[in-house]
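**Q** let me see the structure of the following:
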Amino acid sequence: MLGRGQRAALSPPRSAGGTNGCNAPNTSDACSAPERRGDGAARRPSLATARIPVCATVVVAVCLFSVFARAAENEAGRHTAAGKEVEQQGEKDWSDSRWNQTEVGSFLASSLQTPGGMVVKALSVRVGDGGEASVCYDLGSPSLRAGWTGGFLKFSSVRFGIMGPPTRAGEWAFSTTGPAGWLGASARHEALRVQGKRVVLETRVDGTLVRETPWFDRAGG
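**A** Numbers count the residues shown, from 1 in each chain. Got it, this is the predicted structure:
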């Protein structure tokens, strides 16, 4: 029993075999209490080295390979303008003549400049067994406006070929200075059909459906 003003000094219980202050046998790894260094400072217990599972490493490697493979795949067939900032691009980066390497078929709708003027709603049609001639049909005012022999159409390479309409790729054979064919009647283009090498044009004239097909034949052998 203690008197007034006295304090009791408490100490941890000890085991019979001696302890290091944590009720465990006095061994180096039996207790998680901080270890005392020679200078009296407490040393924190060391942490076990973290290990990344092998499966996680494999997944990361596969993902990186997929990203690099996709990037290499996108490089193929890229245009010269690809990857450049807009302010660093010039006209040569936008030049592309692949339209001239395209098989556009037996007809093409566009605007077309003819000797008689610009046909805004032009339908260029190949005619002849070998496509040796072409005609320009005006869809706005149904009528033939021009014809030429030789090639079909040429496309500009400026700005990927979309800066202007195509031009004829042959020699002019005839042209008109305005609509002709259904003068004095109400005519409206309705449809076209392809039958073999021929393009059949359907026009509604004063309520009557008219079908016609332009063609080319050589005369005099």
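**Q** show me the strands in the protein, by range?
**A** For the chain, the strands defined by DSSP state E cover 35-36, 42-43, 107-114, 117-127, 133-138, 143-154, 167-175, 187-195, 198-205, 208-212.
**Q** which one of these is the most hemmed in?
**A** strand 133-138 (a mean of 24; mean count of other Cβ atoms under 10 Å). C-beta coordinates here come from the backbone N, C-alpha and C atoms, glycine included.
**Q** other SSEs contacting it?
**A** Counting contacts by 3 or more Cβ pairs under 8 Å, 6 or more residues apart in numbering; DSSP states H and E, the secondary-structure elements packed against strand 133-138 are strand 117-127, strand 143-154, strand 167-175.
**Q** what pairs with the shortest one, parallel or antiparallel?
**A** By that I understand strand 167-175. Partner strands and pairing direction for strand 167-175 (DSSP bridges) are strand 143-154 (antiparallel).
**Q** okay, the angle between the strand it pairs with and strand 208-212?
**A** Orientation check (axes from the mean of the first three to the mean of the last three Cα atoms, to 10 degrees): strand 143-154 against strand 208-212 gives 40 degrees.
**Q** pLDDT weak spots in this protein?
**A** Across the chain, the stretches falling below the confidence threshold (pLDDT under 70) are 1-83, 221.
**Q** what are the C-alpha coordinates of stretch 125-137, in PDB please?
**A** Only the C-alpha atoms of stretch 125-137 are listed here, as PDB (Å, rounded to 0.1, in the frame of the first residue of the first chain):
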ATOM      1  CA  VAL A 125     -23.000   8.800-120.000                       C
ATOM      2  CA  ARG A 126     -20.700   6.500-121.900                       C
ATOM      3  CA  VAL A 127     -22.100   5.300-125.200                       C
ATOM      4  CA  GLY A 128     -21.000   2.800-127.800                       C
ATOM      5  CA  ASP A 129     -20.000  -0.800-127.600                       C
ATOM      6  CA  GLY A 130     -16.500   0.100-126.500                       C
ATOM      7  CA  GLY A 131     -17.500   3.300-124.600                       C
ATOM      8  CA  GLU A 132     -15.700   5.200-127.400                       C
ATOM      9  CA  ALA A 133     -18.000   8.300-127.000                       C
ATOM     10  CA  SER A 134     -19.900  10.100-124.300                       C
ATOM     11  CA  VAL A 135     -22.800  12.500-124.000                       C
ATOM     12  CA  CYS A 136     -23.900  15.100-121.500                       C
ATOM     13  CA  TYR A 137     -27.500  15.000-120.500                       C
END
